[in-house]
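Novice: Here is my input, please return the structure:
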Amino acid sequence: MSATLERSAPQSPIVPGTSNREFLTYDRADFLKNYSQRPFLIQHAFSDHPLFQLPRLMELARSLNEKHIEYNGGDLPVNQDPALTPRNGLSPEATIQRIEECQSWLVLKYVENDPEYRALLDSCLNQIRPLTEQLTPGMMKPHAFIFITSPGSVTPYHMDPEHNFLLQVRGSKTVHMFDGRDRSIVSERDLEQFYGTRSRHMILADENRDKKWVIHLESGKGLHFPVTYPHWVQNGLEVSVSFSITFRTPDLDQRRGVYSFNAGVRKYGMTPVPRGVCSIRDGFKYQTTRLYQKIQGLFKQADK
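Specialist: Reported below is the predicted structural model:
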């Protein structure tokens, strides 16, 4: 499966009733064929945008809640336990200011809380919504993240729970992505642990290292990451700034509920039926998980 993606000729989507400014371009047929199934490239117009210059990003970092900034050393192995990830000894602002030489990785989370970044997120999602609604209807919970990384830094092997388009604004990086549908790569137990414990800790087995897509991202390009497709990222020779636009859909809530249920069942020594074998059974598991979460919420409110 190892391959480098080629970009199809882009076509700007026409979305009535949205902003006249179109930041994204993509091939419509390519999008509909590959969305949520395999990675594919798009283009964007953020490379020279003032909101992604380092002084503005430092200002953004100062405005964010501390819990919405994650940063650490960037000289990491592909298989890295998040609990053991080394810090860089700097503040977030100093990390951004010295990002060229401090060998670090930093992410600003939920930047849509800033109105200017929210406008960019909304504009992008308005452009792709007419197509995503055909395939995974019910776009909700939109969030945006900005990744700032030093030359040569590595983002270890992990997977994410949202629909994601990563837009490379500055610098370059190489993404090594693995097919999340392949149960020799991502097992049912892996998914149960991911959804049941919310842990990002994953191990890339030696026998799977070559079962991947290799995608090189340069400034002006973007990449679609299907949900729970594991990947690791190698930064290029320059400082990298990336803008990640994400959202969820009701089918992802159902997926999370089923795997959370299966994770709970497995704790008691039972082997749950995998998701997708029986839709009726999956529906029962999802509704049971929802009811359990609601009851937990009521008890938490009563304790306050």
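Novice: and residue 202, which of the three is it?
Specialist: For residue 202, the assignment made with DSSP: H, G, I helix; E, B strand; the rest coil gives coil.
Novice: Can you check the pLDDT for it?
Specialist: Reading off the confidence values, residue 202 has pLDDT 92.
Novice: same question, residue 87
Specialist: Value for residue 87, per-residue pLDDT: 89.
Novice: Pretty sure it sits against residue 73.
Specialist: Yes. Counting by C-beta atoms under 8 Å, residue 87 touches residue 73, with 6.7 Å between them. The C-beta positions use only the backbone N, C-alpha and C, and glycine is treated the same way.
Novice: And those two? Which one has more around it.
Specialist: residue 73 (17 against 10; other C-beta atoms under 10 Å).
Novice: Just confirm residue 242 is within a helix.
Specialist: No. Under three-state DSSP, residue 242 falls outside any helix and is assigned strand.
Novice: how far away is it from residue 293?
Specialist: Distance, residue 242 to residue 293, by C-beta to C-beta, to the nearest Å: 33 Å.
Novice: With neighbour numbers in mind, choose between these two.
Specialist: Higher neighbour count among residue 242 and residue 293: residue 242, with 25 against 12, using other C-beta under 10 Å.
Novice: can you pull the contacts of the more buried one?
Specialist: Contact analysis of residue 242 by C-beta atoms under 8 Å, 6 or more residues apart in numbering lists 146, 147, 149, 166, 167, 168, 169, 173, 217.
Novice: So which residues of the stretch 1-150 of the chain form strands?
Specialist: Shown for the stretch 1-150 of the chain, the strands assigned by DSSP state E, counting those that start in this stretch span residues 24-25, 41-44, 69-73, 104-108, 140-149.
Novice: Report the buried residues of stretch 246-257.
Specialist: If you call a residue buried by 16 or more other C-beta atoms under 10 Å, then stretch 246-257 has these buried ones: 246, 247, 248, 249, 252, 253, 254, 255, 256, 257.
Novice: swap in stretch 289-304?
Specialist: Residues of stretch 289-304 classed as buried: residue 289 (neighbour count, 16+ other C-beta under 10 Å).
Novice: tell me the mean pLDDT for it?
Specialist: Here stretch 289-304 scores 79 as its mean pLDDT.
Novice: what does it contact?
Specialist: Against stretch 289-304 from outside (C-beta under 8 Å, 6+ apart): 257, 258, 260, 261.
Novice: For the helix or strand containing residue 252, which helices and strands make contact with it?
Specialist: Per DSSP states H and E, residue 252 falls inside helix 250-267. Packing partners of helix 250-267 (3 or more C-beta pairs under 8 Å, 6 or more residues apart in numbering; DSSP states H and E): helix 188-197, helix 279-303.
Novice: Since that was my last question, I'll sign off now.
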